[in-house]
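Chemist: Predicted model and sequence below, questions to follow.
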Amino acid sequence: MMRRIAAALIVVLELLLPRCAMATTDVDVEHLLTEAAAYEGQTISVVGELIGDYGFRPDGWTWTQLNSDSYTTAPLLEDGDLSGSNVGIGIRAPASLIQDLDPPGDYHHRGPLVRATGTWKYHDQDRGGETYLEVVTIEVLELGKRFDESADPIVAAAGVFLVLVAMWLGYRSRLRSAD
């Protein structure tokens with residue numbers, strides 16, 4: 001019950017307080033993970049792609065992953081390069097902030113690119129030692145989208161041609177061995 005009240009208060013405060021009243025620091029995920037303890041309790045903003053799934057909880061909160069790496073802005077399926085591992089943080093946000101967003105990113109979709117602002121929780125004792133961003137606002141910078149994974153027609157035609165040649169050569173080989 002207290003968690004629902006807290007979630008409702010956060011949403012109400014977000015609606016009542018002007019955005020400029022919230023002093024924030026923009027932090028990239030790699031720096032945040034390197035200096036995690038230094039940001040404990042601070043209000044920060046992190047830009048990244050929401051990925052994985054949206055874990056809606058009965059208490060009115062949602063957990064998800066916010067990735068911020070080279071694949072966020074240049075996915076492999078859009079001619080991005082292989083350049084290291086995925087880097088992200090967990091976020092916890094009121095369900096009302098997440099429920100109308102595009103689906104999170106996965107192998108077939110790019111999730112919404114957002115600026116998430118909230119309080120950085122480093123080894124939060126109330127959450128079993130979890131480290132995460134407790135979000136109060138989400139600004140959508142780019143909508144999510146489905147990746148185009150259609151086959152290249154030239155490659156498909158070449159594949160069909162090679163299969164037909166292989167079948168023809170196999171047939172000719174059988175005819176010769178039958179003689």
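Modeler: Yep, it's here.

Chemist: Name the nearest residue to residue 118, sequence neighbours excluded.
Modeler: Of all residues not flanking residue 118 in the chain, residue 135 sits nearest, at 3.9 Å (CB to CB, 6 or more residues apart in numbering). C-beta: built from backbone N, CA, C; applies to glycine.

Chemist: can I assume the one you found is in contact with residue 115?
Modeler: No: applying CB atoms under 8 Å as the test, residue 135 and residue 115 come out as separate, 10.1 Å apart.

Chemist: okay, the two: which has more neighbours?
Modeler: More crowded of residue 135 and residue 115, by other CB atoms under 10 Å: residue 135, with 25 against 16.

Chemist: which residues does residue 33 contact?
Modeler: Counting by CB atoms under 8 Å, 6 or more residues apart in numbering, residue 33 touches 87, 89.

Chemist: Could you give the secondary structure assignment for it?
Modeler: Of the three states, residue 33 takes helix under DSSP: H, G, I helix; E, B strand; the rest coil.

Chemist: Quick check: it vs residue 120, distance?
Modeler: 11 Å (CB to CB, to the nearest Å).

Chemist: how does the chain divide into domains?
Modeler: 2-148, 151-179 (automatic domain parsing).

Chemist: could I get those domains as JSON lines with mean pLDDT?
Modeler: Output for these, formatted as JSON lines (pLDDT from 0 to 100):
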{"stretch": "domain 2-148", "mean pLDDT": "79"}
{"stretch": "domain 151-179", "mean pLDDT": "82"}
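
Chemist: most packed of the ones you listed?
Modeler: Burial of these is given as mean neighbour count (mean count of other CB atoms under 10 Å); domain 2-148 ranks first at a mean of 16.

Chemist: what's the spacing between that one and its chain's center?
Modeler: In terms of CA atoms, centre = their mean, to the nearest Å, the centre of domain 2-148 is set 9 Å apart from its chain centre.

Chemist: Quick check: next helix or strand after the helix or strand hosting residue 121?
Modeler: Element membership of residue 121 [criterion: DSSP states H and E] is strand 113-124. For strand 113-124, the following helix or strand on the C-terminal side (DSSP H and E) is strand 130-142.
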